[in-house]
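Undergrad: starting from these lines, generate the structure:
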Amino acid sequence: MSKKILIVDDEKAIVDILNHNLKREGYETIQAYDGEEAIEKVKTDKPDLILLDVMLPKMDGFTVCKNIRQSSNTPIIMVTAKEDVVDKVIGLELGADDYITKPFSVREVLARVKANLRKWDGIETSIKQNETDQQLLTFGPLTLDTYKYEAKVSGKSVELTLREFELLKFLATQQGQVFSREELLEKVWGYEYFGDVRTVDVTVRRIREKIEENPSVPEFLATKRGIGYYFNAE
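TA: Next up, the predicted model:
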């Protein structure tokens, strides 16, 4: 069965370009031209991935993303025309899995779509394989349930987005090994380095805020200055 992609953009020319190229790659597509319509299409059509523009009429993309994340883990790729790093950070903090800046190349969009769908398929497969064998990873007060995709600190549940959990789980299962930002983009996000590693930095910061007693002096997610990040099981 082909994957269903929801394209959300108020510029018909962009929607048409994405629609044509995604269909050519074998995807099924649906469209929404404003924020309110996007939320309705998510509920009724249940897409496998969402390409979500930030600047939308009726309801901006950030609000749409936040609304979707209240009930769904569907992969979201934010599309912004602004170069401002703040926009990218806001999208990630609201639960977006990825972002692309306009003007974009169709090749890059297709690569990001494929990578995010492949990552999600891998997660669903892992969940099915673990249905009868719940796996817990415990590091002092931190516990990761790799079946339920849940994290707890001192017994209290911590709300992590799917991507945050994936990054934390990956580093936790590679204890002590340092990974560069580019390597983490490839191994956790599932695509080769395109030029902006801030995605990793923002995601690490968000995880630290949720699991560390003092995010400024992290105990679990440590930084190797000039190289990257690693999980400190000690």
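Undergrad: spatially central residue in the chain, please.
TA: When CA atoms, centre = their mean is applied to the chain, the residue found nearest the centroid is D97 (1.8 Å).
Undergrad: isn't it right next to P75, touching?
TA: Yes - with contact defined as CB atoms under 8 Å, D97 reaches P75; the gap is 4.8 Å. All C-beta atoms are positioned from the backbone trio N, CA, C, and that covers glycine.
Undergrad: quick check: neighbours shared by these two?
TA: Common neighbours of D97 and P75 are listed as 116, 162 (criterion: CB atoms under 8 Å, 6 or more residues apart in numbering).
Undergrad: returning to that earlier point: list the contacts for the residue nearest to the centre of the chain?
TA: Counting by CB under 8 Å, 6+ apart, the residues that D97 touches are 75-77, 116, 161-163, 189.
Undergrad: and which of those residues is nearest to V204?
TA: The nearest member of these to V204, counting by CB to CB, is R163 at 11.1 Å.
Undergrad: skip the chain neighbours and tell me the closest residue to that closest one.
TA: D97 (5.0 Å; CB to CB, 6 or more residues apart in numbering).
Undergrad: of the contacts of D97, which is the most crowded?
TA: Among those, the one with the most neighbours (other CB atoms under 10 Å) is I76, at 30 neighbours.
Undergrad: thinking again about what came up before, what separation do you get for the residue nearest to R163 and I50?
TA: Distance of D97 to I50, computed by CB to CB, to the nearest Å: 9 Å.
Undergrad: okay, and the common contacts of those two?
TA: With CB under 8 Å, 6+ apart, D97 and I50 have common neighbours 75-77.
Undergrad: which one among the residues you listed gets closest to S216?
TA: Out of these, the member with the shortest distance to S216 (by CB to CB) is I76, at 29.1 Å.
Undergrad: enumerate every residue touching the closest one.
TA: So I76 contacts 49-50, 52, 65, 68-69, 95-98 (CB under 8 Å, 6+ apart).
Undergrad: could you report the pLDDT at it?
TA: For I76, the model assigns a pLDDT of 92.
Undergrad: got phi/psi on it?
TA: Per-residue torsions, I76: phi -120, psi 130 (degrees, to the nearest 10).
Undergrad: setting aside sequence neighbours, what's the nearest residue to N73?
TA: In this structure, N73 finds its nearest non-sequential neighbour in L162, 4.8 Å apart by CB to CB, 6+ apart.
Undergrad: surely the one you found and A151 touch.
TA: No - taking CB under 8 Å as the definition, L162 is not a contact partner of A151, at 11.7 Å.
Undergrad: any chance you could map the strands in the chain?
TA: Using DSSP state E, the strands of the chain run over residues 4-8, 28-32, 49-53, 76-80, 98-101, 136-139, 142-145, 150-153, 156-158, 179-180, 221-224, 228-231.
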